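Asker: structure, please.
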Amino acid sequence: MGNGGSLVKLFLKLSLTTSILLFAFTGWCTEDTVVYLAIQYGNQDTGSPAPLVGKKDTYLSTLENIHGDLKENREVTPKILSFDFYKTSGSFASGFGLEVHSYNKSYSFGNDSSSVNLSAVGLLYGLNFYYRGEFWFPFIGFGTGNYSAKVQEELNMDGSKTYGTVFGQVDKPIFYKFGFRIPFNGIGIVFTQQYTSADIIVATENKSLALGGTSSFVGLYYSF
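Answerer: Predicted coordinates for the structure are as follows:
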């Protein structure tokens, strides 16, 4: 099944474990709970630090000084699979959320044929709160998790090419988000604005590379 299949298996295991723990330790009744499963897509600007919690990275700018300007922008297009478990109380609800993010991005530089390929996977979890309106359900959330990445370099140095592969991990990223859902009889549309601070140190240059940033996502969800 490849990397995608492994991510889905990991997500399903974590979702099942989370559901069992929440039911076992909180004693919530099924009449008082709602579960959302969602698939989202969108744009994430890794060059735009998350307000309040993010900072500008330096890895790619350092390579630009050596190999010329980036030919690409810093936007990536993550795929997001999310699970949200809420306890309702009238028009308000609070609960736990779990998200798997994944994306790939290739960068090249203007003065030579140097390039960098980035693959990143994030597992984020945290607390969510939302209001059950008549036609829409606005929500906010925040939390932490884990990000891992593989950085593959192919760099021209004095007429010869050097190759390197670096693996990095962010154990305590920080994110916060807000958005809203529009329900249609058990299914619906979800819009999310998300801000994530998750920087790894790329050992070849000993500089930071942002895996998070400022994001806008849209997708479909199913509730039960």
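Asker: tell me where this structure has helices.
Answerer: Ranges of helices in the chain, per DSSP state H, are 2-26, 59-67.
Asker: any idea which of these scores lowest on pLDDT?
Answerer: When those are ranked by mean pLDDT, helix 2-26 comes last with a mean of 49.
Asker: run through this protein and note the low-pLDDT ranges.
Answerer: 1-31 (pLDDT under 70).
Asker: strands of that one, residue ranges please.
Answerer: Assigned strands in the chain, in chain order: 33-45, 75-76, 79-89, 92-108, 115-131, 137-157, 160-170, 174-184, 187-197, 199-202, 207-210, 213-223 (criterion: DSSP state E).
Asker: make JSON lines out of these and add distance to Asn65 and mean neighbour count.
Answerer: In this view, the C-beta of every residue, glycine as well, is placed from N, C-alpha and C. As requested, the strands of the chain are exported to JSON lines (distance: least, C-beta to C-beta, whole Å; neighbours: other C-beta atoms under 10 Å):
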{"stretch": "strand 33-45", "distance to Asn65": "21", "mean neighbour count": "18"}
{"stretch": "strand 75-76", "distance to Asn65": "22", "mean neighbour count": "19"}
{"stretch": "strand 79-89", "distance to Asn65": "32", "mean neighbour count": "19"}
{"stretch": "strand 92-108", "distance to Asn65": "14", "mean neighbour count": "19"}
{"stretch": "strand 115-131", "distance to Asn65": "14", "mean neighbour count": "19"}
{"stretch": "strand 137-157", "distance to Asn65": "13", "mean neighbour count": "18"}
{"stretch": "strand 160-170", "distance to Asn65": "17", "mean neighbour count": "13"}
{"stretch": "strand 174-184", "distance to Asn65": "29", "mean neighbour count": "18"}
{"stretch": "strand 187-197", "distance to Asn65": "24", "mean neighbour count": "20"}
{"stretch": "strand 199-202", "distance to Asn65": "15", "mean neighbour count": "22"}
{"stretch": "strand 207-210", "distance to Asn65": "11", "mean neighbour count": "21"}
{"stretch": "strand 213-223", "distance to Asn65": "21", "mean neighbour count": "18"}
